[in-house]
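Colleague: no FASTA, just this:
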């Protein structure tokens, strides 16, 4: 029992010792100190400042928690390559995998391959549609869309609003899109939502916004589902049309984003965009390492509140997801030092 208490204290997770195996959501069986062997880390892409930041946090968190990792592999936005990357890591006899799925359905092949080898998997950022994972480390992506909806709806009472969507093959893209559209329809019925399916690709976002803005120069707001890849092309497109003006100007187009990268925070300070949801790149790395270490030690997990300010929920198919907090960032709190986007330059 002393070993369990020491582990909990060292990770600062705050679960009560007497209830660690039952009442605490991240409690389970086993001893994380017995975890051994290398862990493979699979990245979805590295063309986004968000994923670059996550990639910088991973080795720091692995070292802090005593997890041995192989060099991360980059699937480069290709779901087929991601499955090959997983297969290659399994041939290297990894004892655990931390994977950020590109396609929620396609990733099942990789999960099945890992299961056949008895290798536990933690999914980060994106939940699979099915397959076995020890835990999904993610934020509530429906809340992303709802927060964006209410932020825009507070400024735009009627007119056209653009939603630059993520990849709808990913549960993240579906959750954000569905929640944003449903919220607008219910709470802001005078707002018309125009969609740009951009699949997490900057080029598609740029081409789609160029065509849409040319046909609809009366756009009032834009919701970008991934500031890491959509911020630069969105601002460039608006600048070309002389439509990039700061908040306070009556011609200002309200822009709300997701990710929380430093570039978004700077754009908020300048008034170029209005808000972003800070997707926790630092916590994704921290708890990705935490859960894979425990899974390798044979721990199991249960729905309920954790000791680190989140809640484990059960998804369809029995998959467990630790929903980490993702705060809305506006001009009022953009300089908060607790935001990872204000720390990454100093701590990585």
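Modeller: Cool, the structure landed. These figures come from a predicted structure and were not determined experimentally. Residues are numbered from 1 along each chain as shown.
Colleague: distance of residue 189 from residue 178?
Modeller: 17 Å (CB to CB, to the nearest Å). In short, each C-beta sits where N, CA and C put it, glycine included.
Colleague: In the chain, where is pLDDT below threshold?
Modeller: 1-36, 345-348 (pLDDT under 70).
Colleague: that older thread, of residue 189 and residue 178, which one has the most company?
Modeller: residue 178 (14 against 9; other CB atoms under 10 Å).
Colleague: mind checking how far the host helix or strand of the more buried one is from the chain centre?
Modeller: For residue 178, the host element (DSSP states H and E) is helix 171-187. Distance of helix 171-187 from its chain centroid, counting by CA atoms, centre = their mean, to the nearest Å, is 16 Å.
Colleague: List the buried residues for the following helix or strand past it?
Modeller: The helix or strand immediately downstream of helix 171-187 is strand 191-197, counting by DSSP H and E. Across strand 191-197, burial judged by 16 or more other CB atoms under 10 Å covers 191, 193, 194, 196, 197.
Colleague: Tell me which two in those residues are the farthest apart.
Modeller: Largest separation among the buried residues of strand 191-197 by CB to CB: 191 and 197, giving 19.3 Å.
Colleague: and the helix holding residue 178, which residues are buried?
Modeller: Applying 16+ other CB under 10 Å to helix 171-187 flags 171, 172, 173, 174, 175, 176, 177, 179, 180, 181, 183, 184 as buried.
Colleague: Show me what it is packed up against.
Modeller: helix 141-153, strand 159-165, strand 191-197 (3 or more CB pairs under 8 Å, 6 or more residues apart in numbering; DSSP states H and E).
Colleague: which phi and psi does the closest residue to residue 173 other than its chain neighbours have?
Modeller: Nearest non-adjacent residue to residue 173, counting by CB to CB, 6 or more residues apart in numbering: residue 166, 3.3 Å away. With angles defined as degrees, to the nearest 10, residue 166 sits at phi -80, psi -160.
Colleague: how much space between residue 166 and residue 148?
Modeller: 12 Å.
Colleague: what's the answer for residue 94, then?
Modeller: The value you get for residue 94 to residue 148, if CB to CB is used, is 37 Å.
Colleague: Test my guess that residue 92 contacts residue 69.
Modeller: No: using CB atoms under 8 Å, residue 92 is not in contact with residue 69; the gap is 11.9 Å.
Colleague: Residue 106 against residue 79, yeah?
Modeller: Yes: shown here, residue 106 and residue 79 form a contact pair, counting by CB under 8 Å, at 4.3 Å.
Colleague: which one of those two has more residues nearby?
Modeller: residue 79 (20 against 17).
Colleague: how about that one, what does it touch?
Modeller: 102, 103, 106, 107, 169 (CB atoms under 8 Å, 6 or more residues apart in numbering).
Colleague: Angles on the backbone of it, please.
Modeller: phi -60, psi -40.
Colleague: still on that earlier bit, residue 94 and residue 148: which has the busier surroundings?
Modeller: Per other CB under 10 Å, whichever of residue 94 and residue 148 has more neighbours is residue 148, with 31 against 23.
Colleague: With distance to residue 275 and secondary structure added, can I get the contacts of residue 79 in CSV?
Modeller: Output for the contacts of residue 79, formatted as CSV (distance: CB to CB, whole Å; DSSP: H, G, I helix; E, B strand; the rest coil):
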residue, distance to residue 275, secondary structure
102, 27, coil
103, 29, coil
106, 32, coil
107, 31, coil
169, 27, coil
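Colleague: Which of the residues you listed sits closest to residue 225?
Modeller: Nearest to residue 225 among these, with distances taken as CB to CB, is residue 169, at 13.5 Å.
Colleague: how about the strands in the stretch 1-150 of the chain?
Modeller: Using DSSP state E, counting those that start in this stretch, the strands of the stretch 1-150 of the chain run over residues 39-43, 73-74, 96-99, 121-124, 135-139.
Colleague: Now render the ones you listed as TSV, adding mean neighbour count and distance to residue 228.
Modeller: Rendered in TSV, the data for the strands of the stretch 1-150 of the chain read as follows (neighbours: other CB atoms under 10 Å; distance: least, CB to CB, whole Å):
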stretch	mean neighbour count	distance to residue 228
strand 39-43	26	13
strand 73-74	18	15
strand 96-99	28	19
strand 121-124	28	15
strand 135-139	26	15
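Colleague: Now do the SS call for residue 301.
Modeller: Secondary structure for residue 301, judged by DSSP: H, G, I helix; E, B strand; the rest coil, is coil.
Colleague: any chance you could map the helices in the protein?
Modeller: With DSSP state H as the criterion, the chain has helices at 2-11, 49-65, 79-91, 108-116, 141-153, 171-187, 202-215, 227-240, 262-269, 281-296, 344-347.
Colleague: Report the separation between the residue lying closest to residue 181 once chain neighbours are set aside and residue 207.
Modeller: Nearest residue to residue 181, sequence neighbours excluded (CB to CB, 6+ apart): residue 193, at 5.6 Å. For residue 193, the distance to residue 207 equals 19 Å [CB to CB].
Colleague: Repeat that for residue 308.
Modeller: From residue 308 to residue 207 the distance is 41 Å (CB to CB).
Colleague: So which of those two has more stuff around it?
Modeller: residue 308 (19 against 15).
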